[in-house]
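# pasting the sequence and the predicted coordinates here, then a few questions.
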Amino acid sequence: MKKIIVTIDGWSSCGKSTIAKQLAKSLGYVYIDSGAMYRAITLYFLRNHIDWTDPAAVEEALHHINLHFVYNTKSMNSEMYLNEENVEYMIRDMVVAEKVSEVATIAMVRTFAVAQQQKMGAEKGIVMDGRDIGTTVFPDAALKIFMTADIMTRVERRFKEMYEKNPNITLDEVKSNLEMRDYIDSNREVSPLRMAEDAILLDNTKLTMEEQLDIALKLVAKKL
């Protein structure tokens, strides 16, 4: 059967990963979380005290970073490995969340990540979510979806996710972090967050997970 590449871009905490995982599972495709790659790079920089404003330091650090995904049969999720260490839990920490947009603006970092992402999609049959997947990584993807939801819906979703790991987190902190990330992602010079001209807008503010998956599956069926 014909296989395609499905890209899902959009704002922070609008459900990109959730629908991407569901869609990949339903189609028998590989799910790739591009954001996890940038988070893992950020984690490496933080751990090793890399000054990411220093191009030479960034270039040297990237030579020591190996990223890959391993499918966990128990959780049924692809988990991020940094230099053979499972860092899936650590990269979701607020400390990483506060810095990942800064790191993701660096041209060398994006070039490094995009090259790996394109290699992963060489055989098609993948669903990848992120900020610039439909515009930069796979501009010729058969199906591009752009996710959005109103800000408070996104804040509440993110808060529930973060609260499990950090009960001291507040709604205001989460809102500030999301607004900062949205601003940085959409205003960076390299591959800014924007909706591709041929992308389909999906606002899931009032949709259930089942409803948004149904919409996405119908969009894929049309392309196939």
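Received, thanks. Numbers count the residues shown, from 1 in each chain.

# tell me the centre residue of this structure?
Against the mean C-alpha coordinate of the chain, by Cα atoms, centre = their mean, the closest residue is residue 35 at 3.0 Å.

# confirm it sits in a helix?
Yes. The assignment for residue 35 by DSSP: H, G, I helix; E, B strand; the rest coil puts it in a helix.

# now do the contacts for it.
Each residue near residue 35 by Cβ atoms under 8 Å, 6 or more residues apart in numbering is listed here: 16, 17, 100, 129, 130, 131. To be clear about C-beta, it is placed using only N, CA and C from the backbone, and glycine gets the same treatment.

# give the residue spans of this protein that score low on pLDDT.
Per-residue confidence for the chain (pLDDT under 70) gives these ranges: 76.

# where along it do the strands fall?
In the chain, strands defined by DSSP state E lie at 5-10, 30-33, 67-72, 77-82, 85-86, 126-130, 143-148, 200-203, listed in chain order.

# got a markdown table for those strands, with mean neighbour count too?
As requested, the strands of the chain are arranged in a markdown table below (neighbours: other Cβ atoms under 10 Å):
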| stretch | mean neighbour count |
| --- | --- |
| strand 5-10 | 27 |
| strand 30-33 | 22 |
| strand 67-72 | 15 |
| strand 77-82 | 19 |
| strand 85-86 | 12 |
| strand 126-130 | 27 |
| strand 143-148 | 23 |
| strand 200-203 | 15 |
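
# and these as TSV, adding distance to residue 118?
Compiled in TSV, those are given as follows (distance: least, Cβ to Cβ, whole Å):
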stretch	distance to residue 118
strand 5-10	10
strand 30-33	11
strand 67-72	14
strand 77-82	17
strand 85-86	24
strand 126-130	10
strand 143-148	15
strand 200-203	22
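
# out of those, which gets nearest to residue 187?
strand 5-10 (15.7 Å; Cβ to Cβ).

# name the nearest residue to residue 158, sequence neighbours excluded.
In space, not counting the residues next to it along the chain, residue 158 is nearest to residue 13; the distance is 4.0 Å by Cβ to Cβ, 6 or more residues apart in numbering.

# how about residue 82?
In space, residue 82 comes closest to residue 40 once its chain neighbours are excluded; the distance is 4.4 Å by Cβ to Cβ, 6+ apart.

# contacting residues around the one you found?
For residue 40, the residues meeting the contact criterion (Cβ under 8 Å, 6+ apart) are 65, 67, 80, 82, 87, 91.

# which two in the residues you listed are spaced the farthest apart?
Checking these against each other with Cβ to Cβ, the farthest-apart pair comes out as 65 and 91, at 12.9 Å.
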